[in-house]
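> when you get a sec, could you give me coordinates for this:
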Amino acid sequence: MGTELLTTDELSARIKYDVRTIRERLKDSVLLEGVHYFRPFGGRKILYMWDAIQRDMVKVSCERPLGMSGIPMANGGVMHG
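Down below sits the predicted model:
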């Protein structure tokens, strides 16, 4: 595993989102367990995988046509309405 692991506080500083926003709005909606984060040894602590988060943040913004906005879906897709 060659990815950089981040705590919620460290991720918050990198992506400029409040820790509470990450925990309450992003986790399990756009940040998916097993893809973007995991719980080491089955515990409560969460570690985020920076490479996967960075890849998917850029991927979603590059896929969107200019001027189009979309709603990110849990499966990684985007709903255009």
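> can we go C-alpha only for contacts and neighbour counts from here?
Noted.
> quick one: what helix or strand has residue 13 in it?
helix 8-15 (DSSP states H and E).
> and the next helix or strand after that helix, what does it pack onto?
Where DSSP H and E defines the elements, the next helix or strand beyond helix 8-15 is helix 19-21. With contacts taken as 3 or more Cα pairs under 8 Å, 6 or more residues apart in numbering; DSSP states H and E, helix 19-21 sits against helix 8-15.
> can you pull the buried residues of the helix it packs on?
For helix 8-15, a neighbour-count test (16 or more other Cα atoms under 10 Å) marks 8, 11, 12 as buried.
> and the angle for the helix or strand hosting residue 58 with helix 8-15?
For residue 58, the host element (DSSP H and E) is helix 50-63. Relative orientation of helix 50-63 versus helix 8-15 (axes from the mean of the first three to the mean of the last three Cα atoms, to 10 degrees): 40 degrees.
> what stretches of the protein score poorly on pLDDT?
1, 60-69, 80-81 (pLDDT under 70).
> what sits against the spatially most central residue of it?
With distances taken as Cα atoms, centre = their mean, residue 31 lies nearest the centre of the chain, 3.4 Å away. Neighbour list for residue 31: 37, 53, 74 [criterion: Cα atoms under 8 Å, 6 or more residues apart in numbering].
> highest neighbour count among the residues you listed?
Among the contacts of residue 31, the one with the most neighbours (other Cα atoms under 10 Å) is residue 37, at 22 neighbours.
> what pairs with it across the strands?
residue 33, residue 48 (DSSP bridges).
> wait, doesn't it sit right on residue 48?
Yes: Residue 37 lies in contact with residue 48 (Cα atoms under 8 Å); the separation is 4.2 Å.
> ok, for residue 35, nearest residue in space, not its chain neighbours?
Distances taken as Cα to Cα, 6 or more residues apart in numbering put residue 52 closest to residue 35, at 6.9 Å, once the chain neighbours are dropped.
> counting neighbours, what do you get for the one you found?
15.
> now swap in residue 4 and tell me
11.
> what sits against the spatially closest residue to it that is not a sequence neighbour?
Among residues not flanking residue 4 along the chain, residue 50 sits closest, at 5.6 Å (Cα to Cα, 6+ apart). Neighbouring residues of residue 50 by Cα under 8 Å, 6+ apart: 3, 4, 5, 6, 11, 36.
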